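Visitor: Model the structure of this input:
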Amino acid sequence: MTSEKDKMLAGLIYDANYDQELIDARADAKELCYDFNHARPSEKVKRQDIIRQLLGKTGERFEIAGPFYCDYGFNIEIGENFYANHKLVILDGAKVAFGDNVFVAPDCGFYTAGHPLDADRRNKGLEYAKPITVGNNVWI
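Guide: Numbers count the residues shown, from 1 in each chain. Alright, predicted model coming up:
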């Protein structure tokens, strides 16, 4: 049987709200986001280590100004010279990939999640996710 996580990663309708594996993965990501958001700005190495634990892939040089929030983290990839200003939110049910030399302004959000239009299906906690790709040398 295919897991809800496998369905999510394949872009199929999946159970986001009642599947324990996904609930646990989001909880783990929230803990790491909390640690990152409560680290002192002067603790650059600690902050980068937390982001490296959280995200699926990072470049060598990046900076994310807190606060930062995401659903899973493992579906996020950032390239070299990535910079995100305050209040970045990424809902990463599907892959969110940023190229090199990407600059993200304050209060930006990247949302891969979608929900069925049919209320009965939506109320069962079902959703889908479609990937987002941002190329190189982009300023958002």
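
Visitor: Tell me the helices and strands packed up against the longest helix anywhere in the chain.
Guide: Longest helix in the chain by number of residues (criterion: DSSP state H): helix 20-38. Applying 3 or more C-beta pairs under 8 Å, 6 or more residues apart in numbering; DSSP states H and E, we find helix 20-38 packed against helix 4-9, helix 44-54, strand 68-70. Heads up, the C-betas are built off the backbone N, CA and C, glycines and all.

Visitor: one more time with 6 Å
Guide: Packing partners of helix 20-38 (3 or more C-beta pairs under 6 Å, 6 or more residues apart in numbering; DSSP states H and E): helix 44-54, strand 68-70.

Visitor: Under the pLDDT cut-off, which ranges of this protein? List them.
Guide: Along the chain, segments meeting pLDDT under 70 span 1.

Visitor: same thing but at 90, please
Guide: Along the chain, the model assigns pLDDT under 90 to residues 1-2, 16-18, 121-125.

Visitor: Relative to its centre, which residue of it is most distant?
Guide: Taking C-alpha atoms, centre = their mean as the measure, the residue most remote from the mean C-alpha position of the chain is D120, 27.1 Å away.

Visitor: List the buried residues of the strand or helix carrying that one.
Guide: Using DSSP states H and E, D120 sits within helix 119-123. Judged by neighbour count (16 or more other C-beta atoms under 10 Å), helix 119-123 contains no buried residues.

Visitor: ok now it, how far from the chain's centre?
Guide: Distance of helix 119-123 from its chain centroid, counting by C-alpha atoms, centre = their mean, to the nearest Å, is 24 Å.

Visitor: ok, and what's touching whichever helix or strand comes after it?
Guide: The helix or strand immediately downstream of helix 119-123 is strand 126-129, counting by DSSP H and E. Here strand 126-129 makes contact (C-beta atoms under 6 Å, 6 or more residues apart in numbering) with 8, 13, 16, 93-94, 112-116.

Visitor: circling back: distance to N136 for the helices and strands packed on helix 20-38 - can I get that in CSV?
Guide: What follows is the helices and strands packed on helix 20-38, written out as CSV (distance: least, C-beta to C-beta, whole Å):
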stretch, distance to N136
helix 44-54, 20
strand 68-70, 22
